[in-house]
Structures are given as structure tokens and as C-alpha cells.
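Peer 1: Could you work out the structure for the sequence below:
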Amino acid sequence: MAIHLYKTSTPSTRNGAVDSQVKSNPRNNLIYGQHHCSKGRNARGIITAGHRGGGHKRLYRKIDFRRNEKDIYGRIVTIEYDPNRNAYICLIHYGDGAIIGDTIVSGTEVPIKMGNALPLSTAIHNIEITLGKGGQLARAAGAVAKLIAKEGKSATLKLPSGEVRLISKNCSATVGQVGNVGVNQKSLGRAGSKCWLGKRPVHPHGGGEGRAPIGRKKPATPWGYPALGRRSRKRNKYSDNLILRRRSK
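Peer 2: Predicted coordinates:
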């Protein structure tokens, strides 16, 4: 979808850039409410995830990441906005009763076509790590992974982060790139728009007027760990032997 630039009429629209309007008309049987009272706090009321709170009420859209409808053609009915992710979603009708639109299908011997789900192909997204668990990798807006090689029972992938790793060839993936590629060109224009998304102001070391130092040699988290450059991945993780090249920092 294209990026829409605001015509400057107020200070908040001076640098605003948003997605072109995409209607959100979810089916009642494909949505349910979410419980969002914690706002980043645990059961004791202590903040464990910072800068969260407020925001507009959301309904969760049920997404089929597993694509279990094998060898049954589906027809894309609508493209809808989803408040829970930065990519758009599609409503699919399988079998009879479909209306005009593109067709997609999941299976092991289906055409290599945009939107189809099949064992690993060239430009892919929504990639399974564990067979049958559903897609987990490359699901953000504009994300795309590349198939580098196939050998034995494994396929070598280059992920959007730059990491190169092995994945079983039996795992499924969706052909093509995730939509809404221009999401990083958006500019909310004002602080209130970010509050609508449930994100509170970020002042890592207490804010200030730009002249006060942070009081230590380098930026740190609230728990004293370095905030920049420190790797957060667990040591000796079970999948370390499947990673051929680490992602760049």
C-alpha cells in the first residue's frame, strides 16, 4: 500500500506520513477480545516491561499460521488492517462460495506463486522452525528470507536479520514478501498518535533538557546491563548448531 502524506494544516501534521486507508471489517467468528489490564506489570503490580500503557482497545484477529488446508484452493476476499501487527491480513474463502479475487493454495506440490504455502522455496516468509507448529520467522511487514541451498534433509536460509541458518526441508513457508513494505516510511507526526498504539514515552535515564549526562560511562537498562551492543541471546541454546552465521549487531 502507498504512503499518504498529510497536507500541513497543524503542527502535528507537518511531517506526518501514514498508510493509505485500509478498511477493517473483520468477521465476528474470527475475532475475540484480549485482556490488557497489566500494562507491562506483573501480578504484584511491578513494571516488568517498560513504556507500555494506554492505547486504543483492540480485538485480536485469528491468523492461520499453520495453513493446514492442504491442496484446497482458497480465494482472497479482502485485505484488512490488523491493529495487532504492522502487516496487512487477508480474508480467505476455501472451496465453494468464493468471490472474485486471487487464489492461493497450500501443499507439497503446488505452483510457486505469490501467497502459496509449500516446502521451502526461493523468496519466502512465514517460515516454520518446527514442523506443524506454524510460521514463526519473517512475519513482519516487508520481511523476506532467501533460500540459499538445499542439501540432505536441510535447507539453508538467509533471514532478514542477516543470519544464515539451517531448517528442515519438510517445514513450510509462504512464497513472496510480506505486504506493507513501506511501513518504515510512516511518520506519526505527534506524540499522541504513539499513545494510541499503547506506547508510553521513552526516557531511558530520566529525560532532562538535553544537557544532563546519564551519570555513567555508557547507557544501561534499569537492571544495570549495557543497553547498547550487549548480546541478549542465551548461551548454549539448543539451536546454536543450526546457525551458520550470526546476524549483524
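Peer 1: Need the residues that contact the least confident helix or strand in the chain by mean pLDDT.
Peer 2: Per-element confidence for the chain was summarised using mean pLDDT, DSSP states H and E. The lowest value among helices and strands belongs to strand 117-119, with a mean of 75. Contacting residues not belonging to strand 117-119 are listed as 67, 104-110, 112, 126, 169-175 [C-beta atoms under 8 Å, 6 or more residues apart in numbering]. Where C-beta positions appear, they are placed from N, C-alpha and C, glycine not excepted.
Peer 1: What is the helix or strand hosting Ile92 packed up against?
Peer 2: Ile92 is part of strand 89-94, with elements assigned from DSSP states H and E. Based on contacts counted as 3 or more C-beta pairs under 8 Å, 6 or more residues apart in numbering; DSSP states H and E, the elements that strand 89-94 packs against are strand 74-80.
Peer 1: Could I have the CA atoms of the strand it packs on written out in PDB?
Peer 2: What follows is strand 74-80 as a C-alpha-only set of coordinates in PDB (Å, rounded to 0.1, in the frame of the first residue of the first chain):
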ATOM      1  CA  GLY A  74      -8.800 -20.600  -1.400                       C
ATOM      2  CA  ARG A  75      -9.800 -17.200  -2.800                       C
ATOM      3  CA  ILE A  76      -8.700 -13.900  -1.300                       C
ATOM      4  CA  VAL A  77     -11.800 -11.900  -0.400                       C
ATOM      5  CA  THR A  78     -10.500  -8.800   1.400                       C
ATOM      6  CA  ILE A  79      -7.300  -7.100   2.500                       C
ATOM      7  CA  GLU A  80      -7.700  -5.700   6.000                       C
END
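Peer 1: thinking again about what came up before, in strands, which of the contacts of strand 117-119 appear?
Peer 2: Assignment to strands by DSSP state E places the following of the contacts of strand 117-119 there: 104, 172-175.
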